[in-house]
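based on what follows, work out the 3D shape:
(2 chains)
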Amino acid sequence: MPVMNIIQAVNDALHHEMGRDDRVVVMGEDVGKFGGVFRATVGLQEKYGADRVIDTPLAEAGIIGTSIGMALYGLRPVPEIQFVDFIYPAFDQIVNELAKFRYRSGGQYPCPVTIRTPYGGGIRGGHYHSQSPETLFIHTPGLKVVVPSNPYDAKGLLLASIRDDDPVLFMEPKPIYRASKGDVPEGEYTVPLGKAATVREGKDVTLIAYGAMIPVTAAAAERLAGDGVEAEILDLRTLLPFDGEAILESVKKTGRAVVVHEAPRTCGFGAEISAFVHENAMLHLEAPVKRVTGFDTPFPYTLEHEYLPSAGRIVSAVRESLAF
Amino acid sequence: MKVSPSRDPHSATPSKAARGGGDEAPAPGASAAGEKTPIFRILDVDGTADPKLDPRIPAEGLEIIYRTMVLNRLLDDRMLTLQRQGRIGFYLTSTGEEATHVASAYALEKTDWVFPAYREPGAALIRGFDLHKFICQLFGNAEDTLKGRQMPNHFSAREIAFVSISSPTGTQIPQAVGAAWAAKIRGDDMVAITYFGEGTTSQGDFHTALNFAGVEKVPVIFFCRNNQYAISVPSKIQTAAESIAVKAVAYGIEGIQVDGNDVLAVYEATRRARERARKGLGPTLIEGLTYRRGAHSSSDDPRRYREDSEVEEWTKKDPIDRLRRYMEKKGLIDAKKDEALRAVITEEIHAALERAEKVAPPPIESMFDDVFARIPWHLEREKREYLAWRAEHGAPTDGHGAH
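Next comes the predicted model:
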């Protein structure tokens, strides 16, 4: 079985699906001849032609707007937004159009677009190459939001996303694009949307995280294990619809939960998870749900390592929960 | 009250190019910046058609176009009255602009896709949209295809490829480009048309859509209904460009300004645009100069920003009257036939209304459908809990929005 990093897994998924389904079209800035600024679409245009792998003009609203029209007509477009920080010109098309097309047409017009976009910080990207705005999209009914944390899930979830009849925002954790490596089966397989994965089993605390925060959370778990605290790690994988059953099952077992995300704290996804856990497992909790998050500031350049959740901050949060 | 002078196509002397030429004479294209954009007209206000440019629409076609425009007009009048009576919540008329969407839609094939704004019901009607469905959508009742989810006039009809309507302006334009682009990739004979007002040409989506379409030579028709008002804002302060059609130059595509109240010119320009698209020559921007005789919507009062005299001037240039005069000259209609036709249509509308008003509101459960292909667990739960609450407490009457 080949070992791949996340970029290679994404590339493999795109090659696989374009070969399998001739309705799939890839489009975006620099994705064609150049193969994408992160090399995610390398080799696709040579193999499938410029009709199906398209270098678009520089306009996110145009990329998403036209991909919506393509999906309405019956194609399966997979547009790329080069950095999620640049998605906002397309925000109206995503929120007001893409997410609502099926509903507002009484079910007549499904709109199966999968938007691929790198997110996340720690790569000296500053305000505009580091953002994590997933909650803006989770908060939009009609849109699914998927965040893989490793190559196996990246390929499987991307294939599942493209095949899903609903629009999906597929956010790729670019800080670990190359650092995250693992076995990725060749050929056909999928990972279901809406299902979390238990990355580590434990009985003392549930750590809930996704994307680039998984390795950081895993490092925290290792340190805690050294102190005899066994943490269970839940990789959400799909943020909307999230795996509520898996969350409750774990929290009812451990009695404590810490949510980790690099996005800003206020109205971050941790707030939803926290509310959900409190509403549904109150009597099982030994302590309030804690959140370890980015700060409520724009993402800084020089001090990004201070901003991002670290294993140390997660360990401290767990200790506070244990001491409650 | 100072009112900006409207751009009046009838006071502009049509250029030689607009009038001359043979049967296949090219329509004038958009001129470069600074020059006056020539306007394409075939039918005079008195119903005389330029014989060299007359597309010679067969009698049957003229009758269909005329009938649809009259239906559009009478429907608008009746539905606006209904709104004033509180029987529907909102309505958008297209009074005075009927030719722009009816005559252009007539030039399309059944397999072409329409991406409307929200002021082109005639384009749907001429493609066979069921009057019952149209009116049910105004009521948002249980027989509305959209299950009461959208405001009136925001309908969607897949059976006639009339895609879907949203309120944000211009979002449909890049979508039309995408659909036509997809058809081109698949090698299908499909040309998409999209409609929008001149105000919408200020939106970013207009710019990006025309740019993409020009680069990829997408088989799409951009039809701008320049009705000279974006709610209260006159076209003169919407753009510094000499016309909307001239903007085509910036995108490397064809552009033409036509008399939007001239059924024959609108039809012919659209027909040629479709042919050009099918030949792989790319998109066309058609600017139909017309006038919004009614308010922006039932929530607007245009007397606050324009003079009645301006409206009266444009009533004299009514597109329906002009077509009727042309048809009278051909012996296809007279005053008696016209009266009879209007009586029939009025009765049709009345019967459709009677039928629609008896239909109940959509079932509450339907509010939770179609968000996704399959309802996710969290929404299923919300639905279950709310229906249980409602079964116990009854319909809510003490919040906002209670009817």
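
what sits against the residue of the stretch 151-300 of chain A found nearest chain B?
Relative to chain B, the nearest point of the stretch 151-300 of chain A is residue A:241 (3.9 Å; Cβ to the nearest Cβ). Any C-beta I mention is one placed from the backbone N, CA and C, and that applies to glycine too. Residue A:241 makes contact with A:144, A:193-194, B:376-378, according to Cβ atoms under 8 Å, 6 or more residues apart in numbering or on different chains.

what is the neighbour count of the residue nearest to it when sequence neighbours are not counted?
Leaving aside its sequence neighbours, residue A:241 sits nearest to residue B:376 (Cβ to Cβ, 6 or more residues apart in numbering or on different chains; 3.9 Å). The local packing of residue B:376 (other Cβ atoms under 10 Å in any protein chain shown) involves 21 other residues.

residue A:81: neighbour count?
By other Cβ under 10 Å, the burial measure for residue A:81, its neighbour count, is 24.

was I right to think it contacts residue A:90?
Yes - proximity of residue A:81 to residue A:90 meets the contact threshold set by Cβ atoms under 8 Å, at 6.8 Å.

shared neighbours of these two, anything?
Applying Cβ under 8 Å, 6+ apart, one finds that residue A:81 and residue A:90 are jointly contacted by A:60, A:63-64.

so which of those residues are also by chain B?
The subset of the shared contacts of residue A:81 and residue A:90 within reach of chain B, by Cβ under 8 Å from any Cβ of the partner chain, is residue A:64.

quick one: contacts for residue A:171?
By Cβ under 8 Å, 6+ apart, the neighbours of residue A:171 are A:84, A:117-119, A:134, A:145-147, A:211.

make JSON lines from the residues you listed and add neighbour count and pLDDT to it.
Shown next, in JSON lines, are these (neighbours: other Cβ atoms under 10 Å in any protein chain shown; pLDDT from 0 to 100):
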{"residue": "A:84", "neighbour count": "25", "pLDDT": "98"}
{"residue": "A:117", "neighbour count": "22", "pLDDT": "98"}
{"residue": "A:118", "neighbour count": "26", "pLDDT": "98"}
{"residue": "A:119", "neighbour count": "26", "pLDDT": "98"}
{"residue": "A:134", "neighbour count": "24", "pLDDT": "98"}
{"residue": "A:145", "neighbour count": "24", "pLDDT": "98"}
{"residue": "A:146", "neighbour count": "28", "pLDDT": "98"}
{"residue": "A:147", "neighbour count": "29", "pLDDT": "98"}
{"residue": "A:211", "neighbour count": "29", "pLDDT": "98"}
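
how about these, which pair is most distant?
A:118 and A:145 (14.4 Å; Cβ to Cβ).

the residue nearest to residue A:241 and residue A:193 touch, don't they?
No - look at residue B:376 against residue A:193 with Cβ under 8 Å: they stay out of range, at 9.7 Å.

all helices for chain A, in order.
A:6-20, A:44-48, A:60-73, A:91-92, A:101-104, A:134-138, A:151-163, A:213-226, A:244-254, A:269-281, A:304-307, A:311-322 (DSSP state H).

got the buried residues for the last one?
Applying a neighbour-count criterion of 16 or more other Cβ atoms under 10 Å in any protein chain shown, the buried positions in helix A:311-322 are A:311, A:313-315, A:317-318, A:321.

with the second one instead?
With burial defined by 16+ other Cβ under 10 Å, the residues of helix A:44-48 counted as buried are A:44-45, A:48.

for chain B, state which of these is nearest.
Distance to chain B, by Cβ to the nearest Cβ, is smallest for residue A:48 among the buried residues of helix A:44-48, at 11.2 Å.

so the closest one versus residue B:66, what's the distance?
Distance of residue A:48 to residue B:66, computed by Cβ to Cβ, to the nearest Å: 49 Å.

cool, residue B:227 as well?
Going from residue B:227 to residue B:66 by Cβ to Cβ gives 21 Å.

and what of residue B:223?
Per Cβ to Cβ, residue B:223 is found 20 Å from residue B:66.

which one's more surrounded, those two?
The neighbour count for residue B:223 versus residue B:66, taken as other Cβ under 10 Å, is higher for residue B:223 (30 against 22).

and the helix or strand that contains the more buried one, what does it pack against?
Per DSSP states H and E, residue B:223 falls inside strand B:220-226. Counting contacts by 3 or more Cβ pairs under 8 Å, 6 or more residues apart in numbering or on different chains; DSSP states H and E, strand B:220-226 is packed against helix B:98-106, helix B:172-186, strand B:192-197, helix B:204-216, helix B:263-278, strand B:284-289.

mean pLDDT and mean neighbour count added to the ones you listed, as JSON lines?
Listed next are the helices and strands packed on strand B:220-226 as JSON lines, based on pLDDT from 0 to 100; neighbours: other Cβ atoms under 10 Å in any protein chain shown:
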{"stretch": "helix B:98-106", "mean pLDDT": "98", "mean neighbour count": "31"}
{"stretch": "helix B:172-186", "mean pLDDT": "98", "mean neighbour count": "29"}
{"stretch": "strand B:192-197", "mean pLDDT": "98", "mean neighbour count": "29"}
{"stretch": "helix B:204-216", "mean pLDDT": "98", "mean neighbour count": "24"}
{"stretch": "helix B:263-278", "mean pLDDT": "98", "mean neighbour count": "23"}
{"stretch": "strand B:284-289", "mean pLDDT": "98", "mean neighbour count": "30"}
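
what's the domain layout of chain B?
B:26-357, B:364-393 (automatic domain parsing).

name the stretch among the ones you listed that sits most buried.
Mean neighbour count, computed with mean count of other Cβ atoms under 10 Å in any protein chain shown, is highest for domain B:26-357 among the domains of chain B, reaching a mean of 21.

coming back round to it: output the buried residues of helix A:44-48 as TSV; include the columns pLDDT and distance to residue B:245.
Below are the buried residues of helix A:44-48 laid out as TSV (pLDDT from 0 to 100; distance: Cβ to Cβ, whole Å):
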residue	pLDDT	distance to residue B:245
A:44	98	38
A:45	98	36
A:48	98	38
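
tabulate the helices and strands packed on strand B:220-226 (a markdown table), appending distance to chain A.
Below are these laid out as a markdown table (distance: least, Cβ to the nearest Cβ, whole Å):
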| stretch | distance to chain A |
| --- | --- |
| helix B:98-106 | 18 |
| helix B:172-186 | 2 |
| strand B:192-197 | 8 |
| helix B:204-216 | 4 |
| helix B:263-278 | 15 |
| strand B:284-289 | 16 |
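
which stretch among those comes nearest residue B:61?
helix B:98-106 (6.7 Å).

what is that closest one packed up against?
In this structure, helix B:98-106 packs against helix B:59-84, helix B:121-126, strand B:192-197, strand B:220-226, helix B:263-278, strand B:284-289, helix B:319-329, with contacts taken as 3+ Cβ pairs under 8 Å, 6+ apart.

return the distance of that helix from the chain's centre.
Distance, stretch centre to chain centre, for helix B:98-106: 8 Å (Cα atoms, centre = their mean, to the nearest Å).

what's the next secondary structure element after it?
Later in the chain than helix B:98-106, the nearest helix or strand by DSSP H and E is strand B:113-115.
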